[in-house]
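Test case, fold it:
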Amino acid sequence: MQRGRPLRQSQTDLPEERLLIEAAQRDMARFVDLYDLYFDRVYAYVARRVGDRAETEDLVSDVFHQALANLRRFEWRGAPFASWLYRIALNKMTDRAEQLRRERAIERPPEAEEADQEEAQDRARIFALMGEAYGEYGPMPTGLHFYVPDVDAVYARALQVGAASISAPADQPYGERGSGVKDPAGNSWFLATPLRAAK
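Residues are numbered from 1 along each chain as shown. Sure thing, here's the model as predicted:
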């Protein structure tokens with residue numbers, strides 16, 4: 001498999017993906033096919049959030065190491081394999097951010113709290129913009145899962161700009177405070193904040 005495949009994945013790619021996963025679960029040497037297929041996507045996902053090249057490379061390496069170590073426990077449920085890798089990446093980035101906060105032991109200035117609120121408002125604006133797409137890029141129903149700094153604020157703002165509630169924010173037993181909304185185009189947005197970050 002060549003790296004550099006399109007970052008978007010169609011539903012028609014899923015059967016091929018499932019075969020690759022099953023092959024790698026039987027023979028770990030086949031994991032290289034999954035690595036080649038997803039490296040660019042995971043690297044881009046981490047790089048956008050981290051910014052530092054060396055840190056990105058370390059985190060991406062950790063993501064694939066953990067994915068390989070846990071591949072036999074992965075259960076196919078019809079969702080793209082990339083979503084599992086993104087979840088691992090997010091957990092790695094969250095752990096790293098916590099570690100850095102502890103190392104720096106600096107209180108966040110009020111400006112940082114304001115920046116978090118601005119980011120929550122920016123994310124909520126995305127909901128409104130999704131309904132304005134047109135032409136061949138018109139709105140199409142899909143399900144998305146986002147980690148946000150403050151799930152309650154993003155959920156409230158999404159409702160203000162026209163989203164409908166799927167589920168109100170609530171603490172989940174798997175370590176997230178999560179909620180869901182549906183935008184005017186019919187897309188489902190599942191929002192979550194890791195509980196350790198929400199405190």
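
where do the strands sit along the protein?
For the chain, applying DSSP state E gives strands covering 143-147, 164-171, 176-182, 188-194.

Tell me which of these sits nearest to residue 26.
strand 143-147 (28.6 Å; CB to CB). Backbone N, C-alpha and C define where each C-beta goes, glycine included.

Pull up the pairing partners for the closest one, direction included.
Applying DSSP bridges, strand 143-147 is found paired with strand 188-194 (parallel).

what's next to the partner strand, contact-wise?
Here strand 188-194 makes contact (CB atoms under 8 Å, 6 or more residues apart in numbering) with 90-91, 94, 127, 141-151, 154-155, 158, 163, 166, 169, 172, 175-183.

thinking again about what came up before, among the strands of the chain, where is the model least confident on average?
Here these differ in mean pLDDT, and the lowest is strand 143-147 at a mean of 80.

now the angle from it to strand 176-182?
140 degrees (axes from the mean of the first three to the mean of the last three CA atoms, to 10 degrees).

okay, strand 143-147 in PDB with CA atoms only?
This file holds the C-alpha atoms of strand 143-147, laid out as PDB (Å, rounded to 0.1, in the frame of the first residue of the first chain):
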ATOM      1  CA  GLY A 143     -21.900  11.200  12.300                       C
ATOM      2  CA  LEU A 144     -18.800  12.900  13.700                       C
ATOM      3  CA  HIS A 145     -17.100  12.700  17.100                       C
ATOM      4  CA  PHE A 146     -15.200  15.600  18.500                       C
ATOM      5  CA  TYR A 147     -13.300  16.200  21.600                       C
END
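
who's in contact with that strand?
By CB under 8 Å, 6+ apart, the residues outside strand 143-147 that reach it are 83, 90, 123, 187, 188, 189, 190, 191, 192, 193, 194.

and if we set it to 10 Å?
For strand 143-147, the surrounding residues in contact (CB atoms under 10 Å, 6 or more residues apart in numbering) are 49, 79, 83, 86-87, 90-91, 93-94, 123, 126, 130, 154, 176, 178, 180, 182-183, 187-194, 197.

helices and strands of this structure: which one bottoms out on pLDDT?
Least confident helix or strand, the chain: helix 195-198 with a mean of 64, by mean pLDDT, DSSP states H and E.

thinking again about what came up before, which of the contacts of strand 143-147 are buried, as a ChimeraX select command?
In ChimeraX syntax, the buried subset of the contacts of strand 143-147 is picked out as below (16 or more other CB atoms under 10 Å):
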select :86,90,91,93,123,130,154,176,178,180,182,183,187,188,189,190,191,192,193,194,197
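
Which segments of the protein make up each domain?
The chain breaks down by automatic domain parsing into domains covering 11-104, 110-198.

among those, which gets the worst mean confidence?
Across the domains of the chain, domain 110-198 gives the lowest mean pLDDT, at a mean of 79.

This completes my enquiry, with thanks.
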